[in-house]
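1. output the structure for:
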Amino acid sequence: MTDNSVSSASTPNRQPKSHSNRPHERNLFWELTRYAISIVILSVGVAACFGLASLAEKSEEQASEKLVPLISTETIQPYAGQIDMVVSGSVVPFREIKVSSKVSGNVVKKHPNCEAGNFVTAGEPLIEIDPSDFQNQLDVANAELSQAQKLLSENELEISSAITGVKLASRDYKIAKAEFERSQRIRSALSKSEYDQAKRNQLNSETQLRNRESSLKLVRKRIDRLQASIQLSQSKVEAAETNLQRATVMAPDDGIIVSEAVQEGDFVTTGSPLFTFEDTRRSEVRCNLSPRDLAWIRQNSPLSEAAKLKIKQNRSLAAYYLPKTDVSIYEPDTKNVVWNGTLERFDGIGRNSASRTIPTLITVADPIIQTDDNNIHALVRGMFVKCQINVQVSAGDADRQFLAFPAVALRPGNFVWTVADDKLVKVPVEIIDRTEMRIDDQTQKFIVIRSTEQSLQPGQEVVVSPIPQAVEGLKVQIKTESDAEQESEQESEAEQKTAAATDSEL
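-> Numbers count the residues shown, from 1 in each chain. This next block holds a predicted model:
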């Protein structure tokens, strides 16, 4: 037992001394190995990043060099023809009449048609005012007229009788005068009393003649007074008849009752409002023109020789004259319904302080039209409409030159692309009109603009082909005729292949 314990206790002391540091050396080796591997992996990653970046730059440079858009262009041409300028407008009444009472009295009857919104015809009775007072006035005036006429008839009889008396007195005077003259010749043979009697007879007959003539003059003078009395009585009769007619208020013309202000039983005085009436035979459209639009219309609208002469002679007329120009009027939602109007005059004078535009009025002679589908359409107050002003322009006048280019060249936002030094240039445009032209037996849509120094010019090219992701300054290449022929051949070959594949499937 003692031997075993001694041997087991002494066993550890038998290991060699050189193996006591091996685990520490092994851990250090693995730590160095891991650090070396990490450094190698990091170096490889950095090198790979630089390599990929250089490859991406080269691919972008190659792509930018290879992907130069091939574009098509069209030439801008001067435009001559009709320009349709479209402005917004609103319909206003041509004539709005506020009908008032011309006499005083109670409203005894209001006709059923005298209600707001009803259409009435010219001369249709609408309101009746109590006519009894005016009828009495008429009866009194007629009686006075009849009395004056009778007095005039009596005066005419007196004149006739006075004329007869003057004739008799004139004969008596001639006889008495002849007898007195005879008495003078034989005075020596007559007594003094006989001579005096002959002289007295002459004086009496002369006095009677003079009295008869005075009476005739007086009766004739009375004619003027009686005729004036008759005229006064006739005026009273006419005034009474007028008041009697005014007691029945009628529609002044064909139109619409806008509003009414009285009812049956109301007492009205002279000047009291009865109803408001709107004339529908004609209408007007109020629209606002900018100073440039107004100048354009004045420059391009034709003038008669008489108008030109008046404008030349009167400088004020030249400042305020607005040429009569044809206008087509339609609602934005129903463009097939068109009214014909004429731009005639300014709406007052001056500019609108808010919009800085000039108010003008368009007259529509026939506001009620019937379309081909037998539907009737009317212009009514407050209607929002579009006014297409039609003007003929000339492209030969440099002061008002207009240009046209294909509508496909116009980009969203109202601009076009042009090419300068093989790069895209963005040019904003202001559209004057959109029109159609016949080119090579085909109808094409064109945009009409005004030529200015800052915008496009005749002969300049605009891009008509689509350009994906176009930006200003993008390098492009204009398609030549050979490119167009090659593209046409490729399209033809593609169509043939498509047709062949379709036939084989069938």
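
2. sec struct for E278, please.
-> Using DSSP: H, G, I helix; E, B strand; the rest coil, the secondary structure recorded for E278 is strand.

3. and it, how far from M250?
-> Between E278 and M250 the computed distance is 16 Å (Cβ to Cβ, to the nearest Å). Backbone N, C-alpha and C define where each C-beta goes, glycine included.

4. got it, and I329?
-> If you measure I329 against M250 using Cβ to Cβ, the figure is 32 Å.

5. compare the two (neighbour count), which wins?
-> In this view I329 and M250 are compared by other Cβ atoms under 10 Å, and I329 has more residues nearby, 23 against 17.

6. before we move on, what's the pLDDT of that one?
-> I329 carries a pLDDT score of 92 in this model.

7. return the residues in contact with it.
-> Under the criterion of Cβ atoms under 8 Å, 6 or more residues apart in numbering, the contact list for I329 reads 89, 285, 338-341, 362, 364, 379, 385-388.

8. mind giving me the ChimeraX command for buried ones among those?
-> Those of those that meet the burial criterion (16 or more other Cβ atoms under 10 Å) are gathered into one ChimeraX selection, given here:
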select :89,285,339,341,362,364,379,385,386,387,388
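
9. strands - which of the contacts of I329 land there?
-> G89, V285, V338, W339, N340, G341, I362, V364, V385, K386, C387, Q388 (DSSP state E).

10. look up phi and psi at the residue nearest to the fifth one when sequence neighbours are not counted.
-> The one in question is N340. For N340, the nearest residue in space outside its immediate sequence neighbours is S328; the separation is 6.7 Å by Cβ to Cβ, 6 or more residues apart in numbering. Phi and psi for S328, reported as degrees, to the nearest 10, are phi -100, psi 130.

11. S328 is in contact with Q388, isn't it?
-> Yes: here S328 reaches Q388: they are 4.3 Å apart, a contact under Cβ atoms under 8 Å.

12. anything in contact with each of those two?
-> Common contact partners of S328 and Q388 (Cβ under 8 Å, 6+ apart): D84.

13. sec struct for L424, please.
-> Classification of L424 into helix, strand or coil gives strand, according to three-state DSSP.

14. how many residues are close by the residue nearest to N340?
-> By other Cβ under 10 Å, the burial measure for S328, its neighbour count, is 16.

15. what sits against it?
-> Taking Cβ under 8 Å, 6+ apart, one finds D84, V338, W339, N340, G341, C387, Q388, N390 in contact with S328.

16. can we see that at 7 Å?
-> Contact partners of S328, counting by Cβ atoms under 7 Å, 6 or more residues apart in numbering, are V338, N340, Q388, N390.

17. out of those, the closest to V268 would be?
-> N340 (41.6 Å; Cβ to Cβ).

18. first vs last residue of stretch 462-474, how far apart are they?
-> End-to-end distance of stretch 462-474 (Cα to Cα, to the nearest Å): 15 Å.

19. so what touches it?
-> The contact list for stretch 462-474, computed with Cβ under 7 Å, 6+ apart, reads 69, 71-74, 76, 405-406, 408-409, 416-419, 423-426.
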